[in-house]
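# The following comprises the amino acid sequence and a computationally predicted model.
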Amino acid sequence: MDKKRLRYLAPLIAATMVAATACDSGDGAGDDTGDSGEFPRNETLYIGGAAWGPPDNFNPNTPGEVTGLRGGIFETLFEFDPLSGQIQPWLAESGDWVEDDVYEVVLREGVTWQDGEELTSDDVVFTFNLRDKDGVEFGELNEWLDEVEAVDERTVRFTFSDPRYGQWDSVLYERMIVAEHAWSAVEGEIGTTDGLEQVKATGGTGPFKYHSHDDSRIRLERNDDWWAKDQLGLEMPMRYVVDFVNESNDVAVAQITQGDIDLSNFFLPNILELIEQYPEIQTYYSEPPYMLSQNTTSLIPNTTRAPLDDPEVRRAIAYSINVPEIIEFAYGGIVAAANPTGLLPMWDELGLIDQDVVDEHGFTYDPDEANRILDEAGYTRDGEFRTLPNGDPIELTLMVQAGWTDWEDSADIIGDSLREIGLNVTVESVQPADIEQLRREGNFDLVMWNRTGRVTNHLYTHYITLFQLPILDPQPHDENTQRYENERAWELTQELAGISLSDPASQDRLHEVLSELQEITLTDMPVIPMWHNGLWTQVNTTTWTNWPSDAPGTPDYYCATWAGVWQMGTVRCLAGLEPAGS
């Protein structure tokens, strides 16, 4: 049997072996080890796939928050539905541009924090006035948001020095609102506190509140006073949500097949075989590609290190990667090759990918072309491997997240691809949390990442990951960790942020900006798109039913446990679940 095919089948074989030990170890979800009896199985939803290390950040003002914090405990002014492409009021009753540079939000009545105090406009003003604090997630708002003021108890006025209409829509459904009376005490250190004390004391306005956590899981408990019960008719059927921390996709296979996890957002290999063997396991689609699309996996080059600082080398790498082999052997055909721009198919359907630019500057798997580019650029072979034009050896390391079995398999193929064109590359598995730190600090050569091209309401969020300036130390969570500097690209990205995708008067300029950005992307290759990831959502219907799918008569929500997705349909998905047999 082909070694790569064996590597692809191994997790499913291992699942049967792991499942037996999981059932015998006393560590299954059914008894929630250490809390047996407190979490009845028919009242508890078990999830996994969002956390790869112990939960440690309960601060809604800083990136990298724990599972369920955004959308589950803390809420946003608006929500975003990726299936319709629309944002709609959530904590806000309404929001409107009352002038070209003034936006007003009216809050819903009767929304309370989990300590019983009422949500008011002062809380919203306090939240947005944290934008100038070190470490706060939306610190860049300082550049274009001038003033935030409370008009009355429920009305907030935002005045902009530079109204970025498209980017503002993203902020409305991404920024968690916090309670002034809880967070003002740590305002000066708000970017460094873990937030757990505030979460325990006051919590948020959401459907769940913090219960407990340890290194292996975080537990949430239903908020029975959630405002949406009365105002939106939404009520959580489960009393508890327990999120597992896993360090391997293989363990998740055993958990989902044994019913120890109800909602899995891990990548599970051989999903077709799992569905056939376990009819209680379901996916959004019943046939390929099985999953909704979520983002694009790209190879991130450190553009400050030779030879990755040369666009010709980056283009050669793009041509060299054997993506067809990755799709076949690492994914079994359940992902698609990325558009060379890195943008998801939804943007092509909306006519926002310039096909002429793609035809002229795009790439496909073509190692001969990769070799030609490197030869012409002066990277000659010295035996098996190439050298820099000055004769120095090229030695690169590709870091991949340990335990992400699909990525580890893919990284092996990428390493083989690069060595075939003469680039000396070593593949190294590193813990995901360590990769996150190294990536943001710029201490890497090549790393895989999947936040480019992610599902969003506006293309601005894609291009900020490619082009944001200035370069900081460390860089923000997602923005330009490849450290690519192009003033023109950043200028266009900021202009794009100010263009509404739905404004007819802006369409000509919108297409001009996007065409130029896509040309820069494809000629300079700040990142190298490889394939479009699915929204890895597999459910076990043994305990909970009525999951979203494309089947007639089922809910149609975007449902995932990943951070930053709960307010994009997951909350509505969870509220719509029904106990099995009901």
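Received the coordinates, thanks. Numbering: from 1, shown residues only.
# what are the phi and psi angles of W168?
phi -60, psi -40 (degrees, to the nearest 10).
# Just give the number of residues close to it.
21 (other C-beta atoms under 10 Å). C-beta coordinates here come from the backbone N, C-alpha and C atoms, glycine included.
# and if you look at S184?
Neighbour tally, S184, other C-beta under 10 Å: 12.
# Count the residues that sit near the closest residue to it other than its chain neighbours.
Leaving aside its chain neighbours, S184 sits nearest to F126 (6.9 Å; criterion: C-beta to C-beta, 6 or more residues apart in numbering). When neighbours are defined as other C-beta under 10 Å, F126 has 21 of them.
# go on, D356?
Neighbour number of D356 under other C-beta under 10 Å is 10.
# ok, F266 - contacts?
G48, G49, N246, N249, A252, I256, W536, Q538 (C-beta atoms under 8 Å, 6 or more residues apart in numbering).
# My guess is A318 contacts D524. True?
No - assessed by C-beta atoms under 8 Å, A318 is found out of contact with D524, at 11.1 Å.
# Which of those two has more residues huddled nearby?
A318 (25 against 18).
# For this protein, which residues score under the pLDDT cut-off?
1-37, 139, 247 (pLDDT under 70).
# Dead centre of it: give me the residue that sits there.
R451 (5.6 Å; C-alpha atoms, centre = their mean).
# what's the spacing between that one and W404?
Using C-beta to C-beta, to the nearest Å, R451 is found at 14 Å from W404.
# what about the helices in the stretch 201-350 of the chain?
Ranges of helices in the stretch 201-350 of the chain, per DSSP state H, counting those that start in this stretch, are 228-231, 249-257, 271-277, 311-320, 323-325, 345-349.
# swap in the stretch 401-550 of the chain?
Going by DSSP H, counting those that start in this stretch, the stretch 401-550 of the chain shows helices at 405-420, 432-441, 460-467, 487-497, 507-524.
# Pipe those into TSV and attach distance to F80 per row.
TSV is the format used below for those (distance: least, C-beta to C-beta, whole Å):
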stretch	distance to F80
helix 405-420	27
helix 432-441	24
helix 460-467	11
helix 487-497	16
helix 507-524	20
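# Nearest to G233, out of the ones you listed?
helix 460-467 (30.8 Å; C-beta to C-beta).
# tell me the phi and psi of T192?
Main-chain dihedrals, T192, degrees, to the nearest 10: phi -120, psi -20.
# And for V124?
Dihedral angles for V124 - degrees, to the nearest 10 - are phi -70, psi -40.
# mind listing what it touches?
L77, V105, L107, V148, A150, V156, I177.
# Show me what the fifth one is bridged to.
Which is A150. Taking DSSP bridges as the rule, A150 bridges to V156.
# So the residue nearest to S184 versus E140, what's the distance?
18 Å.
# Likewise for G403?
32 Å.
# So which of these two has more stuff around it?
G403 (19 against 16).
# coming back round to it: dump the helices of the stretch 201-350 of the chain to a markdown table, plus distance to Q518.
As requested, the helices of the stretch 201-350 of the chain are exported to a markdown table (distance: least, C-beta to C-beta, whole Å):
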| stretch | distance to Q518 |
| --- | --- |
| helix 228-231 | 40 |
| helix 249-257 | 33 |
| helix 271-277 | 32 |
| helix 311-320 | 14 |
| helix 323-325 | 19 |
| helix 345-349 | 10 |
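# Compute the first-to-last residue distance for stretch 321-331.
Using C-alpha to C-alpha, to the nearest Å, the end-to-end distance of stretch 321-331 comes to 15 Å.
# repeat for stretch 53-67
11 Å.
# from here on, count from 860
Taking 860 as the first residue, the last one we looked at is stretch 912-926.
# and that stretch, which residues are buried?
P914, N916, F917, N918, P919, N920, T921, P922, E924, V925, T926 (16 or more other C-beta atoms under 10 Å).
# quick one on the thing from earlier: now for the helices of the stretch 1260-1409 of the chain, which one comes closest to W1042?
Taking the helices of the stretch 1260-1409 of the chain one by one with C-beta to C-beta, helix 1291-1300 is closest: 24.5 Å.
# Phi first, then psi, for the residue lying closest to K1088 once chain neighbours are set aside.
Counting by C-beta to C-beta, 6+ apart, K1088 lies nearest to E1094, which is 4.9 Å off, once chain neighbours are set aside. Backbone torsions for E1094, taken as degrees, to the nearest 10, come to phi -150, psi 130.
# So E1094 sits against A1434, correct?
Yes - contact criterion C-beta under 8 Å: E1094 and A1434 qualify, at 6.2 Å.
# Give me the common contacts of the two.
A1087.
# who has more neighbours, those two?
Here E1094 and A1434 are compared on neighbour count by other C-beta under 10 Å; more neighbours surround A1434, at 20 against 14.
# now the nearest residue to the more buried one once chain neighbours are set aside: how far from P1438?
Of all residues not flanking A1434 in the chain, L1093 sits nearest, at 4.2 Å (C-beta to C-beta, 6+ apart). Counting by C-beta to C-beta, the separation of L1093 from P1438 is 17 Å.
# Of the two, which one has the most company?
Each of L1093 and P1438 has its neighbours counted (other C-beta under 10 Å); L1093 has more, 16 against 13.
# Verify the stated contact: the more buried one with L1436.
No - counting by C-beta under 8 Å, L1436 is not a contact partner of L1093; they are 11.4 Å apart.
# which phi and psi does the residue nearest to S1043 have?
Dihedral angles for F985 - degrees, to the nearest 10 - are phi -60, psi -50.
# got the contact list for T1155?
Here T1155 is in contact with 1197, 1201-1203, 1309, 1311-1313, 1388-1392 (C-beta under 8 Å, 6+ apart).
# And it, how far from P1183?
With C-beta to C-beta as the criterion, T1155 and P1183 are 16 Å apart.
# How about D1268?
14 Å.
# Straight-line length of stretch 1223-1242, end to end?
Stretch 1223-1242 end-to-end distance (C-alpha to C-alpha) = 27 Å.
# can you list the residues that contact that stretch?
By C-beta under 8 Å, 6+ apart, stretch 1223-1242 touches 1166, 1169, 1171-1172, 1174-1183, 1222, 1245-1248, 1250, 1252-1253, 1276, 1279-1281.
# 6 Å - rerun?
E1171, R1174, A1175, Y1178, S1179, N1181, V1182, P1183, R1245, P1248, I1280, G1281 (C-beta atoms under 6 Å, 6 or more residues apart in numbering).
# What degree of burial does the third one show, as a neighbour count?
By other C-beta under 10 Å, the residues close to A1175 number 29.
# do the same with the second one
Other residues within reach of R1174, judged by other C-beta under 10 Å, total 22.
# what separates the closest residue to it other than its chain neighbours from I1140, distance-wise?
Nearest residue to R1174 in three dimensions, chain neighbours excluded: M1384, at 5.3 Å (C-beta to C-beta, 6+ apart). Using C-beta to C-beta, we find M1384 at a distance of 39 Å from I1140.
# Give me the more crowded residue out of the two.
The neighbour comparison of M1384 against I1140 (other C-beta under 10 Å) goes to M1384, with 27 against 20.
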